[in-house]
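Novice: Generate a structure from the sequence data that follows.
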Amino acid sequence: MSSPEQLRDGLQAGAIAGLRYCPRALWQPASRAAGALMGAHPAPPVRQWMLNAEVMTGSRPSAGQVRAAVVSWARTQVVSMQLPRWSPGRIASSVFWDPAALDLLRTAAGSRGAVVALPHMGSWDLAGAWVAGQGLPVTTVAERLPDPQFDLFVRTRNRLGMRVHANTETGVMRHLLDDVSSGRLVCLVADRDLSGSGIATHWRTARGAVDGRIPPGPAHLAVLTGAALIGAACHYTDPTHMRIDFSPVLEPPPTGSSRRRAGALTDRLAEWFSMRIRDHVQDWHMFQPFFDGVRP
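Specialist: Sure, this is the predicted structure:
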């Protein structure tokens, strides 16, 4: 890597790290102002989000929804960096959940093993920290960013009790299989396929099924280990709270090849994701191309 690239990556990591000390009195009004500006004059990533949201919900987002999406995204960045400084009590009190769903998750992790798949909604880092605070050890996989950013990412999540594997790590699937077998809760963000080799599925949009792909990891792990696959989706309910919704256990067909069973399981996951995204699209942080042929 050249020196200019190292400098750029270091500056980016420093800017992100600076969010750890950014007070709410500063970042909240700044994000609202940015959201209002983007609602009137959307930048390319915001235009992409608007198109993604329109496909999913069947209607063009209003300026208010655009503003809410920008504020939601900013909140997620700030929360991710500030979480290591939060007390366990603050983390616990910031999340709403269904106690029965948590009992199901705990039972599954302690018996057959559990894999939790999430879309890019709300703060999945807060969700992971909250689950770890409930006594469930968490493992996750992250995109391999440039070293300064990735090292910062790993350090902040380690402090929250999460084990992080890079998606480019040699033998990462073997590590995940071992983690599931040892009773760790494997949590994977799994709505956007970065590899181009994901499992074909159908997104249930307001206007009908739309072809897409989902990362294969969660379904393959569940099929290979017999673990329960459970969907989880996060959305903000007010300025200080977030809710985590959990799906029932999603089961693959009892017969067929591993590939076919994983494909059917992925389709069930996509159906559940679709409903959650449509209901809270402002908290879906999909500012990148997502649907084939849908570009600004």
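
Novice: quick one: strands adjacent to the helix or strand hosting residue 165?
Specialist: Element membership of residue 165, judged by DSSP states H and E, is strand 162-166. Here strand 162-166 has these sheet partners by DSSP bridges: strand 138-142 (parallel).

Novice: In CSV, list the C-alpha atoms belonging to the strand it pairs with.
Specialist: Provided in CSV are the C-alpha atoms of strand 138-142 (Å, rounded to 0.1, in the frame of the first residue of the first chain):
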residue,chain,number,x,y,z
VAL,A,138,-21.2,-13.8,20.4
THR,A,139,-19.2,-14.4,17.3
THR,A,140,-19.5,-12.4,14.1
VAL,A,141,-17.8,-11.9,10.8
ALA,A,142,-16.8,-8.5,9.4
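
Novice: related to what we said a few turns ago, may I see the buried residues of the strand holding residue 165?
Specialist: 162-165 (16 or more other Cβ atoms under 10 Å). To be clear about C-beta, it is placed using only N, CA and C from the backbone, and glycine gets the same treatment.

Novice: And for stretch 87-96?
Specialist: Using 16+ other Cβ under 10 Å as the burial criterion, the residues of stretch 87-96 that qualify are 91, 94-95.

Novice: Helix, strand or coil: sort out the residue lying closest to residue 119 once chain neighbours are set aside for me.
Specialist: Residue nearest to residue 119 in three dimensions, not counting chain neighbours: residue 191, with 3.9 Å by Cβ to Cβ, 6 or more residues apart in numbering. Secondary structure of residue 191, reduced to three states by DSSP: H, G, I helix; E, B strand; the rest coil: coil.

Novice: Make sure residue 191 is actually in contact with residue 52.
Specialist: No: if you go by Cβ atoms under 8 Å, residue 191 and residue 52 don't touch, sitting 10.7 Å apart.

Novice: quick one: common contacting residues for these two?
Specialist: Any residue near both residue 191 and residue 52 by Cβ atoms under 8 Å, 6 or more residues apart in numbering counts here, and that gives residue 286.

Novice: ok, which stretches of the stretch 151-296 of the chain are strands?
Specialist: In the stretch 151-296 of the chain, the strands defined using DSSP state E, counting those that start in this stretch lie at 162-166, 185-189, 199-205, 208-214, 228-238, 241-250.

Novice: other SSEs contacting the second one?
Specialist: Just to be clear, that refers to strand 185-189. strand 114-118, helix 124-133, strand 138-142, helix 172-181, helix 217-225 (3 or more Cβ pairs under 8 Å, 6 or more residues apart in numbering; DSSP states H and E).
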